[in-house]
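Trainee: Give me a 3D structure for the following:
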Amino acid sequence: MKFRKFMFGGEYNRIGKLCPVIRTPEFILSNGKKHNKKNQTRFFSRLFITLTILLTPVFITSCCNNVFADILLRTYDDPFDEAPDADWFSEEKKIFISWTKDEGADEYILFRAEDSLSPQYEQIYRGKDLSFTDTLSNGLNVNQRYLYKLDKTRGRKTFYGQKMAYAYCCDRSRDIYDNNTEEKMIKLTSDIDSLNLYYGRFCDGTVIYEEDFFYVVIPPHRQAELVLERISPASSTTNYINYRDKGLPEQTFPPNALQLENRTSEEQIRKIMLCLDSTCVTGAGLYIVTYNFSLANISKYQN
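Mentor: As a prediction, the model looks like this:
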């Protein structure tokens with residue numbers, strides 16, 4: 001007699017002509033339920049394993065603060081050398097230092113030195129931020145010139161900065177008009193008070209300065225009279241303020257008034273730039289002027 005193995009409910013059944021296996025509906029139903037449960041269990045197990053494989057890298061990456069992405073995607077280039085930006089005229093007695101994010105750097109190290117022919121640098125910041133505010137409590141002195149440079153690290157290696165930023169710890173701040181470029185020039189209609197200009201020179205010969213830009217609308221056959229009043233320094237008797245009109249060379253602003261003539265039959269827009277003459281500083285130093293500027297009147301042009 002031959003034997004064939006069929007497994008139902010964990011039992012082997014012997015099949016023969018004399019002993020046929022009788023499968024009742026109840027038997028088939030009960031075994032079907034068991035198979036369904038096994039299939040469901042096997043399906044959810046495979047689903048769990050698949051999701052685990054797919055989501056584990058995402059979870060690990062998120063928990064490890066993008067460690068894998070940093071390793072795989074970061075640049076292979078060394079950190080670049082740059083001069084940090086020093087904004088020293090926005091607020092009194094403060095210097096705001098900022099720099100560009102460098103994908104090749106792990107940390108930034110900021111150094112400061114007093115301006116001299118042989119500057120001695122000291123570390124004032126180390127970290128991952130892209131800015132630092134230098135104040136009196138951090139060692140600044142009013143009316144002192146400063147140099148800043150930025151080192152960078154990558155792993156255990158330090159990349160030393162060679163470029164410098166130049167700044168001045170000042171007891172005054174920039175005026176409110178923000179007209180220091182030709183694109184931001186302001187229209188001169190009446191009095192504009194408490195403007196300022198500066199000119200500075202450092203020990204290595206580097207010069208920093210500011211310019212103010214204005215424009216005046218003059219009708220045909222009219223002339224405009226511009227008046228400049230210097231407020232400070234009050235002790236100085238020399239006028240170091242120059243002006244430039246219509247692309248002509250700089251000239252000293254007249255002591256009484258500047259006459260701008262329009263001899264044409266069309267309206268003219270005249271652009272005026274004001275700045276300080278380089279002779280206001282001897283050697284290394286900084287000179288700041290506060291002044292008022294006004295359009296005194298527009299009158300008929302006299303031939």
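Trainee: which regions of the stretch 101-250 of the chain sit below the pLDDT cut-off?
Mentor: Within the stretch 101-250 of the chain, the set of residues satisfying pLDDT under 70 comprises 235.
Trainee: List the buried residues in the longest strand anywhere in the chain.
Mentor: Ranked by residue count, the top strand of the chain under DSSP state E comes out as strand 285-300. For strand 285-300, burial by neighbour count (16 or more other Cβ atoms under 10 Å) applies to L286, Y287, I288, V289, T290, Y291, F293, S294, L295, I298. To be clear about C-beta, it is placed using only N, CA and C from the backbone, and glycine gets the same treatment.
Trainee: Each with direction, which strands does that strand pair with?
Mentor: Paired strands of strand 285-300, with direction, are strand 191-201 (antiparallel), strand 222-232 (antiparallel) (DSSP bridges).
Trainee: Would you mind confirming that R263 makes contact with K300?
Mentor: No: counting by Cβ atoms under 8 Å, R263 does not reach K300; the two are 11.6 Å apart.
Trainee: what sits in contact with each of these two?
Mentor: Counting by Cβ atoms under 8 Å, 6 or more residues apart in numbering, the contacts common to R263 and K300 are H221.
Trainee: So which of the strands paired with strand 285-300 is the most surrounded?
Mentor: Mean neighbours per residue, mean count of other Cβ atoms under 10 Å, is largest over the strands paired with strand 285-300 for strand 191-201, with a mean of 19.
Trainee: quick one: the helices in this protein?
Mentor: 25-63, 67-73 (DSSP state H).
Trainee: The ones you listed: lowest mean pLDDT?
Mentor: Lowest mean pLDDT of the helices of the chain: helix 67-73, a mean of 51.
Trainee: For F202, grab the count of nearby residues.
Mentor: 21 (other Cβ atoms under 10 Å).
Trainee: Tell me how far it lies from E114.
Mentor: 11 Å (Cβ to Cβ, to the nearest Å).
Trainee: Overlap of the contact sets of these two?
Mentor: Jointly contacting F202 and E114 under the rule Cβ under 8 Å, 6+ apart are R145, L147.
Trainee: just to revisit the earlier point, what about the longest strand of the chain, distance to the chain center?
Mentor: Counting by Cα atoms, centre = their mean, to the nearest Å, strand 285-300 is centred 33 Å from the centre of its parent chain.
Trainee: How about stretch 101-119?
Mentor: That offset, for stretch 101-119, works out to 17 Å (Cα atoms, centre = their mean).
Trainee: Any idea what Y108 is bridged to?
Mentor: Following DSSP bridges, Y108 is listed with bridge partners G127, K152.
Trainee: Report the beta-bridge partners for the residue lying closest to K271 once chain neighbours are set aside.
Mentor: Spatial nearest neighbour of K271, excluding adjacent residues (Cβ to Cβ, 6 or more residues apart in numbering): Y215 at 5.0 Å. For Y215, the beta-bridge partners are K187, K271 (DSSP bridges).
Trainee: and Y215, how many residues sit next to it?
Mentor: Neighbour number of Y215 under other Cβ under 10 Å is 14.
Trainee: Verify the stated contact: it with T189.
Mentor: No: the criterion here is Cβ under 8 Å, and Y215 misses it with T189 at 10.3 Å.
Trainee: What residues does E114 make contact with?
Mentor: By Cβ under 8 Å, 6+ apart, E114 lies in contact with Q120, Q144, R145, Y146, L147.
Trainee: out of these, who has the most neighbours?
Mentor: Y146 leads the contacts of E114 on contacts (other Cβ under 10 Å) with 24 neighbours.
Trainee: follow-up on the earlier one: just the contacts of E114 now: which is nearest M185?
Mentor: R145 (29.3 Å; Cβ to Cβ).
Trainee: I'd like to know how many residues surround the nearest residue to that closest one once chain neighbours are set aside.
Mentor: Counting by Cβ to Cβ, 6+ apart, D115 is the residue found nearest to R145 once chain neighbours are left out, at 3.7 Å. Per other Cβ under 10 Å, the neighbour tally for D115 reads 21.
Trainee: separation between the nearest residue to N138 once chain neighbours are set aside and F111?
Mentor: Closest residue in space to N138, ignoring its immediate chain neighbours: I124 at 6.3 Å, by Cβ to Cβ, 6+ apart. Noted for I124: a distance of 7 Å to F111, by Cβ to Cβ.
Trainee: Between those two, which is the more surrounded one?
Mentor: F111 (21 against 16).
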